[in-house]
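>>> sequence? don't have it. structure:
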């Protein structure tokens, strides 16, 4: 079985492949619109000085997500 972890636990310079979103409604729709669909590779670019939000590379776009949002995205580290 593959080990799934929240996106928020990845460290800078690492990447993961989106496996599932554990949210519903408008929040889920927003994440899907950002390209966070199963199979998408997401890499961690940098953290803000206070640690939140974090910048991610999602399909060639740099997107900042808060920790509470990133914790709802399950990824498989690669």
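Thanks, I have it. None of the values given here were measured: they were computed from a predicted structure.

>>> contacts and neighbour counts: CA atoms only from here.
Fine.

>>> three-state assignment of residue 27?
helix (DSSP: H, G, I helix; E, B strand; the rest coil).

>>> And it, how close does it get to residue 40?
Distance of residue 27 to residue 40, given as C-alpha to C-alpha, to the nearest Å: 18 Å.

>>> any idea how far residue 77 lies from residue 3?
8 Å.

>>> For those two, indicate the residue with more neighbours.
Looking at residue 77 and residue 3 with other C-alpha atoms under 10 Å, you find the greater number of neighbours at residue 77, namely 19 against 8.

>>> contacting residues for the closest residue to that one other than its chain neighbours?
Among residues not flanking residue 77 along the chain, residue 16 sits closest, at 4.1 Å (C-alpha to C-alpha, 6 or more residues apart in numbering). Contacts for residue 16 (C-alpha atoms under 8 Å, 6 or more residues apart in numbering) come out as 7, 10, 41, 42, 43, 75, 76, 77, 78.

>>> go with 7 Å
Taking C-alpha atoms under 7 Å, 6 or more residues apart in numbering, we find residue 16 in contact with 41, 42, 43, 75, 76, 77, 78.

>>> Make a ChimeraX selection of whichever of these turn out to be buried.
Selecting in ChimeraX just the buried members of those, where the criterion is 16 or more other C-alpha atoms under 10 Å, is done with this command:
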select :41,42,43,75,76,77
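
>>> re the thing from before, what's the distance between the residue nearest to residue 77 and residue 69?
When C-alpha to C-alpha is applied, the distance between residue 16 and residue 69 equals 16 Å.

>>> ditto for residue 76
From residue 76 over to residue 69 the distance is 17 Å, taken as C-alpha to C-alpha.

>>> can you check residue 3 too?
With distances taken as C-alpha to C-alpha, residue 3 is found 20 Å from residue 69.

>>> is residue 46 in a bridge, and if so with what?
When bridges are assigned using DSSP bridges, the partners listed for residue 46 are residue 55.
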